[in-house]
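In: build me a model from this:
(chains A and B)
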Amino acid sequence: MPIVVNLDVMLAKRKMKSKDLAEIIGITTANLSILKSGKAKAIRFSTLEAICEALECQPADILEYVDN
Amino acid sequence: MQHMKKVKLLYRLLIFINLATFVLIVTQIFGLVIPDIVNSSQTKNHVLGAFNNLILTGLLSVILMGSFKIQQGIKHIIKDGFFNRISELKFRKAGLIFVGFALLRTAYIILARNEFKLNELINSFIMAFLVVLVGMGLLIFSDFIKNGGVIKEENDLTI
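Out: Here you go, the predicted model:
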C-alpha cells in the first residue's frame, strides 16, 4: 500500500513506548501493532485525533504517501 | 445469543433429519434395491427395470449429501461465527448438490414420464423446481457469507 505509517518514528521522537500510547488513546497493543506494521485497512478519525493529541503532532507526521 | 439458539436448533433438527434419511436409504437398499436386482424379472414393467429403486435411492443419497453439507456449514457457524470460509464452501457445495439433484430428478421424471399420472408429473416438476430454488438460495447465501467475511475483515483491521 502506498500509505506508510510512521508511528514508530514519532514514538521514538517523543520517547514514548507503544504500550503507553495504546493506553493513552484507548486501543489494545495488538491493534496498535497492526497499525504500526501497516496491516491496517483503515484508520478512524477518532483514533488519528487521539494519536495526534497524545504525540503532539499533525496527521502528516504519522501518515505518508509513498509513490511506488 | 438469541440467533445462535435458533441456529443450534436448526443444527439439531438437521442431524435428526439426516439420520432418519440415512436409515431410510439403508432400509431401501435392503428392502427394495437388492430384492429388485435379485428378482429382476418382476420389475420389467418399469422403464428403468430392476434399477428403478436403485436410481431413486441414489437420488435420495444425493439429497442426503447436500443436507449433510448444510449440517457441516451450520456446525462451523456455531463454532467460528457467521462469517467463516469453511461454512461458505460447505453451503456452496450444498447448493451445487441441490441444483445437481434437481437436474437428475428432472431427467428421471422425463425418462419415467409414462409411469406418472399427469398430476404426479406436474407435482414432480414443481418439486424439482423448488429444489433448484433451494440450491440457488444456498449459493446466494454462500456469497453473502463470503462478502460478509470481507467486510468483517476490513472492520477488524480498521483501527
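
In: at which residues are the helices of chain B located?
Out: B:2-28, B:34-38, B:52-80, B:85-111, B:118-156 (DSSP state H).

In: output the below-cut-off pLDDT ranges for chain B.
Out: Along chain B, the model assigns pLDDT under 70 to residues B:1-3, B:41-45.

In: how about the residues of it by chain A?
Out: Taking Cβ under 8 Å from any Cβ of the partner chain as the criterion, the neighbours of chain A within chain B are B:153, B:154, B:157, B:158, B:159. All C-beta spots, glycine's among them, are computed from the backbone N, C-alpha and C.

In: mind redoing it with 6 Å?
Out: Within chain B, the positions near chain A by Cβ under 6 Å from any Cβ of the partner chain are B:154, B:157, B:158, B:159.

In: buried ones from the residues you listed, can you make that a PyMOL selection?
Out: To isolate the buried members of these in PyMOL, using 16 or more other Cβ atoms under 10 Å in any protein chain shown:
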select buried, chain B and resi 159
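
In: before we move on, back to that, distance to residue A:41 for the helices of chain B - can I get that in TSV?
Out: Output for those, formatted as TSV (distance: least, Cβ to Cβ, whole Å):
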stretch	distance to residue A:41
helix B:2-28	27
helix B:34-38	59
helix B:52-80	21
helix B:85-111	18
helix B:118-156	5
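
In: rewinding a little: which ones among the residues of chain B next to chain A are found in strands?
Out: Using DSSP state E, no member of the residues of chain B next to chain A falls within strands.

In: regarding residue A:64, what is its secondary structure?
Out: Of the three states, residue A:64 takes strand according to DSSP: H, G, I helix; E, B strand; the rest coil.

In: nearest to residue A:51, out of the helices of chain B?
Out: helix B:118-156 (19.1 Å; Cβ to Cβ).

In: re earlier: now for the residues of chain B next to chain A: which two are most distant?
Out: Among these, the pair separated by the greatest distance (Cβ to Cβ) is B:154 and B:159, at 11.5 Å.
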